[in-house]
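> The following comprises the amino acid sequence and a computationally predicted model.
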Amino acid sequence: MSYDEQITAMEQEFSRELLAVAAAEDLRRLERSFLHVKKGRIRELTRGAAFAELDVEARRSHGAEAAQLEQKMRALLDERLENLTHKDHETTPDIGIDFSLTADVQPGSIQPVMIIQAALEDIFRGMGFRVDEGFEVETEYFNFDAVNVGPDHPARDMQDTFWLENGLVLRTHTSASQVRALRAYGAPLRIIFPGRCFRQEETDASHETSFYQCEGLMVDRGVSVANLLGVMRTLMSEVFEREVKVRLRPGYFPFVEPGFELDLRCLICDGTGCKVCKQSGWVELMPCGMVHPKVLEAGGVPAGFSGFAFGLGMTRLAMMKFGIPDIRLFDSGDLRFHSQFPASA
Ligand code: FA5
């Protein structure tokens, strides 16, 4: 079946099911079935091996057609909901409320990083991880010292920090929660903490002063780099639902040994070079490594345990997943940007 035929078939199927809708809850079911952010049938149009093999241009134009169909479906769902509401009104006894007054209310939409966060939480819960939040305002100790970033360590310069007047910091990375989690839950432990981080840095297409990371930590007996790679592979395939190219290279972080950088082949330019990947074709996405013994010690983990940790750049992951070419769009308040995302996940 050609792509156009696929689009037409999906539209016809949707129209058939819409005709059969008798109540608002049928509508909600129909919306979930076709438009669910992860499992909606419309997602079949932009995933799978055939789609992944298309060149960037074809993927873009197919993606745009699918987005247009999604918009059309949403408009039809809204229209049907309005009809149903009026029908309800006709049969509602007069209790002194005018149900016919319509409000011009836009349903809003989910912030795209939150869509990714919900997906990550699902994926990691499926692998037995618990989900926690950590604190956005942290002590200097947990943000730096506890994760082996000493007072004179050059890594403190790597992360320009917002210091509060009372000596606390806006956490520069979610790694700040590692030792708190180890102390609170002990080993063995599998945990992620997605959340906001803050750095005083110049903004560009891929850097913001406030962005989201998702920290992951697994500590148990016999955890090795092989476990880390297995989790990464699962993560990438479940998030992107298609083949993506990644590369692993050595990376230095004081809280892991050995440390790695996982880069993703840029999905904005398909690796040909753009402002998001700084013309390199690769986007730094997920530094990781084996938890440093000093961090385990600070967390009170007994001998015999080892672990891995990663700090996934969630905002960048959202950029790659949804093809967002500039990180500054997230906080721009531009409704043309936000209204492209669904109102429910
Ligand atoms: C860290 O923050 C480490 N804490 C990650 C880590 C955790 C390493 C556990 C090892 C073990 P880094 O500074 O590279 O590392 O940031 C991690 C990711 O956050 C980056 O790959 C990137 O995707 C994202 N990131 C960092 N700075 C910004 C920024 N200014 N704007 C948007 N995303 C950013």
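Received the coordinates, thanks.

> Confirm that Leu264 sits in a helix.
No. Assessed with DSSP: H, G, I helix; E, B strand; the rest coil, Leu264 is strand; it does not lie in a helix.

> Could you report the neighbour count for it?
Leu264 is surrounded by 22 other residues when neighbours are defined as other Cβ atoms under 10 Å. (Each C-beta comes from the backbone N, C-alpha and C, glycine too.)

> what are the phi and psi angles of the nearest residue to it once chain neighbours are set aside?
Among residues not flanking Leu264 along the chain, Leu285 sits closest, at 4.6 Å (Cβ to Cβ, 6 or more residues apart in numbering). Recorded main-chain torsions at Leu285 are phi -120, psi -40, according to degrees, to the nearest 10.

> ok, and for the helix or strand that contains Leu235, which residues are buried?
For Leu235, the element it lies in under DSSP states H and E is helix 225-240. Residues of helix 225-240 classed as buried by neighbour count (16 or more other Cβ atoms under 10 Å): Asn227, Leu228, Val231, Met232, Leu235, Met236, Glu238, Val239, Phe240.

> now swap in stretch 179-192 and tell me
Of the residues in stretch 179-192, those with enough neighbours to count as buried (16+ other Cβ under 10 Å) are Val179, Arg180, Ala181, Leu182, Tyr185, Ala187, Leu189, Arg190, Ile191, Ile192.

> if we take these, which one ends up nearest to Ser306?
Within the buried residues of stretch 179-192, distances to Ser306 taken as Cβ to Cβ reach their minimum at Ala187, with 9.5 Å.

> The closest one - that's part of a helix, no?
No. Residue state for Ala187 (three-state DSSP) corresponds to coil; a helix is not indicated.

> Could you check how far it is from the ligand?
Ala187 sits 17 Å away from the ligand when distances are taken as Cβ to the nearest ligand atom, to the nearest Å.

> residues contacting that residue?
Taking Cβ atoms under 8 Å, 6 or more residues apart in numbering as the criterion, Ala187 is in contact with Val219, Asp220, Gly299, Val301, Pro302, Phe305, Gly307.

> Output the residues you listed as TSV; include the columns neighbour count.
Below are the contacts of Ala187 laid out as TSV (neighbours: other Cβ atoms under 10 Å):
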residue	neighbour count
Val219	25
Asp220	15
Gly299	25
Val301	22
Pro302	9
Phe305	19
Gly307	27
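
> Next, give me the two most distant ones among the residues you listed.
Comparing every pair within the contacts of Ala187 by Cβ to Cβ identifies Asp220 and Gly299 as the most remote, at 13.4 Å.

> Which parts of the chain belong to which domain?
Listed domain ranges for the chain are 3-91, 112-338 (source: automatic domain parsing).

> distance between the ends of the longest one?
One end of domain 112-338 to the other measures 8 Å (Cα to Cα, to the nearest Å).

> tally of neighbours for the spatially closest residue to Tyr252 that is not a sequence neighbour?
Using Cβ to Cβ, 6+ apart and skipping the chain neighbours, the partner closest in space to Tyr252 is Gly259 (5.6 Å). One way to gauge burial is a neighbour count; for Gly259, by other Cβ under 10 Å, it gives 17.
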